[in-house]
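**Student:** What follows is a predicted structure for the sequence shown.
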2 protein chains.
Amino acid sequence: MEIDATSQATIRALGALAQEHRLAVFRLLVQAGPDGMAAGVLADRLGVPASSLSFHLAQLSNAGLVGQRRESRSIIYTADYAAMNGLISFLTENCCAGSSCAAISERDCA
Amino acid sequence: MEIDATSQATIRALGALAQEHRLAVFRLLVQAGPDGMAAGVLADRLGVPASSLSFHLAQLSNAGLVGQRRESRSIIYTADYAAMNGLISFLTENCCAGSSCAAISERDCA
DNA sequence: TCCATGATTCGATAAATATGGAAATATCGA
DNA sequence: TCGATATTTCCATATTTATCGAATCATGGA
């Protein structure tokens, strides 16, 4: 049962988002936009200890869902929209051949 | 940090798909369509012991991603398209405010 | 250089998840 | 009823994931 690279990446991304704190982090980063948010601010907002949050940020980073840059003493995290786009595309194309799922492609259109 | 029911359900669905065998099962069920596939056939196809596969099917079922019906001695599993639809909608609406993600709504349209 | 700040790494521990054989359950045909 | 088949549940075990304080690393200001 060899597993292809795309599935591998998809599983990492799904796993990264399948956790309360990490899903919350990602949603905050999406709201924050390209400016992103510092690790400390995220920890504050979520009420999670810095070391715990660092662990979760590493998971998101490993999954390619977030980017990071240093800005003075802070490390700013940003949502990677392309990665999320890729994940949604994968789910739509590989896991969504049914009629109700076909409808989603046409939603918000016209 | 109270967590709302929708996020809770999303996390369960993401977690259910974030596993090699379960993602493979779900893809096979999507391909199979409404007829679905028997547990044993799935186990055969994936080369996973029956008891292990049963554990994974229970996870998918618990997450609401699959339905099941008994047909004689077999238990037939089917993909729940509405659930996948809901998951994709959640990701699109809550985790995808960026420009590249906005594009996906318009893909396949026109 | 020294200190404060922001963040990660380390380490120990707890909890959840995955695996698969053996036993139990359900259905059907003879 | 008996046996074969399909599947799940039980159990023990192995692995992975989550938590968080303490120690460490990096940066910038006095």
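**Tutor:** Looks like it arrived, so ask away.

**Student:** Point me to the residue of chain A nearest DNA strand C.
**Tutor:** A:G40 (1.8 Å; C-beta to the nearest atom of the strand). C-beta here means a position set from N, CA and C on the backbone, and glycine is covered the same way.

**Student:** For chain A, which segments are assigned as helices?
**Tutor:** A:5-17, A:20-32, A:39-46, A:50-62, A:81-94, A:99-106 (DSSP state H).

**Student:** Let me have those helices in TSV, extended by distance to DNA strand D, mean neighbour count and mean pLDDT.
**Tutor:** Shown next, in TSV, are those (distance: least, C-beta to the nearest atom of the strand, whole Å; neighbours: other C-beta atoms under 10 Å in any protein chain shown; pLDDT from 0 to 100):
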stretch	distance to DNA strand D	mean neighbour count	mean pLDDT
helix A:5-17	6	18	96
helix A:20-32	5	20	98
helix A:39-46	10	17	98
helix A:50-62	3	16	98
helix A:81-94	17	19	94
helix A:99-106	24	15	54
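
**Student:** Quick check, central residue of chain A?
**Tutor:** In chain A, the residue lying closest to the centroid (C-alpha atoms, centre = their mean) is A:L65, at 4.1 Å.

**Student:** I'd like to know which residues of chain A are adjacent to DNA strand C.
**Tutor:** Applying C-beta under 7 Å from any atom of the strand, we find that chain A lies next to DNA strand C at A:38-41, A:43, A:50-51, A:53-55, A:57-58, A:68, A:73-76.

**Student:** contacts for stretch A:46-66?
**Tutor:** A:9, A:12-13, A:15-17, A:19, A:21-22, A:24-26, A:28-29, A:39-40, A:42-43, A:67-68, A:77-80, A:83-84, B:1 (C-beta atoms under 8 Å, 6 or more residues apart in numbering or on different chains).

**Student:** again, only this time at 7 Å
**Tutor:** Stretch A:46-66 is contacted by residues A:12-13, A:16, A:19, A:21-22, A:24-26, A:29, A:39-40, A:42-43, A:68, A:77-80, A:83-84, B:1 when judged by C-beta atoms under 7 Å, 6 or more residues apart in numbering or on different chains.

**Student:** for A:T92, what are its contacts?
**Tutor:** Residues counted as contacts of A:T92 (C-beta under 7 Å, 6+ apart) are B:I88.

**Student:** So A:A97 versus chain B, what's the distance?
**Tutor:** For A:A97, the distance to chain B (C-beta to the nearest C-beta, to the nearest Å) stands at 5 Å.

**Student:** Do I have it right that that residue meets B:V30?
**Tutor:** Yes: between A:A97 and B:V30 there is a contact at 5.0 Å, judged by C-beta atoms under 7 Å.
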